[in-house]
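A.B. asks: this one's sequence-less:
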């Protein structure tokens, strides 16, 4: 009986290890593609020499949570950006989930200009702030992306390991939306992208 229990414990431990390893690999693959996009984007604030200065928290599956989605019906509004230029969005819905044992809510937005482009017609946007801003992470907040196809049966997976910086974290002159107060989390989200480890660069308005 003891052998059986020990064997079962070993199998469960091995499965947990493999699952964690797989999650880390998936996260690292996502970050590899994320870095490559900077080198192919026309308006990128970074060059190849800047890529090593991108920093991230170690992959952590506890920051990958299931969220319940509630659709919203609201009129379009102007979301301020750090450059002073507004962008038109509509509140698409809200996500409710638990993080660090506490209930959290984030609003999901849809950019009306991007919605008109075939490439981004199902694109959803989650700008947010948390207690790491200004210390470990960019003071202006971070972003998460979703697709409408990610919302299944009014639920979706919210992975803060994929949280990324706005272009304003790397260079001046970009129109980066300011996370609305409703998306300010009163906890530290120690996952995703950290502060850019290089002095701010100069750039033209985008």
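C.D. replies: Alright, I've got the coordinates. No experiment lies behind these values; they were computed from the predicted model shown.

A.B. asks: tell me the spacing between residue 68 and residue 89.
C.D. replies: The spacing between residue 68 and residue 89, counted by C-beta to C-beta, to the nearest Å, is 22 Å. C-beta here means a position set from N, CA and C on the backbone, and glycine is covered the same way.

A.B. asks: with neighbour numbers in mind, choose between the two.
C.D. replies: More crowded of residue 68 and residue 89, by other C-beta atoms under 10 Å: residue 89, with 23 against 13.

A.B. asks: my read is that one is in a strand, agree?
C.D. replies: Yes. Per DSSP: H, G, I helix; E, B strand; the rest coil, residue 89 lies within a strand segment.

A.B. asks: mind checking pLDDT for it?
C.D. replies: Among the per-residue scores, residue 89 shows a pLDDT of 96.

A.B. asks: need the contact list for it.
C.D. replies: By C-beta atoms under 8 Å, 6 or more residues apart in numbering, the contact set of residue 89 is 76, 77, 78, 79, 109, 110, 111, 112, 125, 177.

A.B. asks: nearest to residue 137 among the residues you listed?
C.D. replies: Nearest to residue 137 out of those is residue 177 (C-beta to C-beta; 16.3 Å).

A.B. asks: bridging residues for the closest one?
C.D. replies: Under DSSP bridges, the beta-bridge partners of residue 177 are residue 81.

A.B. asks: does it touch residue 127 like I think?
C.D. replies: Yes. Applying C-beta atoms under 8 Å, one finds residue 177 in contact with residue 127, separated by 5.2 Å.

A.B. asks: give me the buried positions along stretch 170-181.
C.D. replies: Buried residues in stretch 170-181, counted by 16 or more other C-beta atoms under 10 Å: 170, 171, 173, 174, 175, 176, 177, 178, 179, 180.

A.B. asks: so the fourth one, which state does it fall into?
C.D. replies: Using three-state DSSP, the structure places residue 174 in coil.

A.B. asks: now do it against residue 156, distance only.
C.D. replies: Distance from residue 174 to residue 156, counting by C-beta to C-beta: 28 Å.

A.B. asks: kindly report the same for the third one.
C.D. replies: Going from residue 173 to residue 156 by C-beta to C-beta gives 33 Å.

A.B. asks: list the contacts for residue 56?
C.D. replies: Counting by C-beta under 8 Å, 6+ apart, residue 56 makes contact with 31, 192, 193, 194.

A.B. asks: cool, and residue 59?
C.D. replies: By C-beta under 8 Å, 6+ apart, the neighbours of residue 59 are 23, 24, 27, 28, 161.

A.B. asks: in which helix or strand would I find it?
C.D. replies: For residue 59, there is no helix or strand it lies in under DSSP states H and E.
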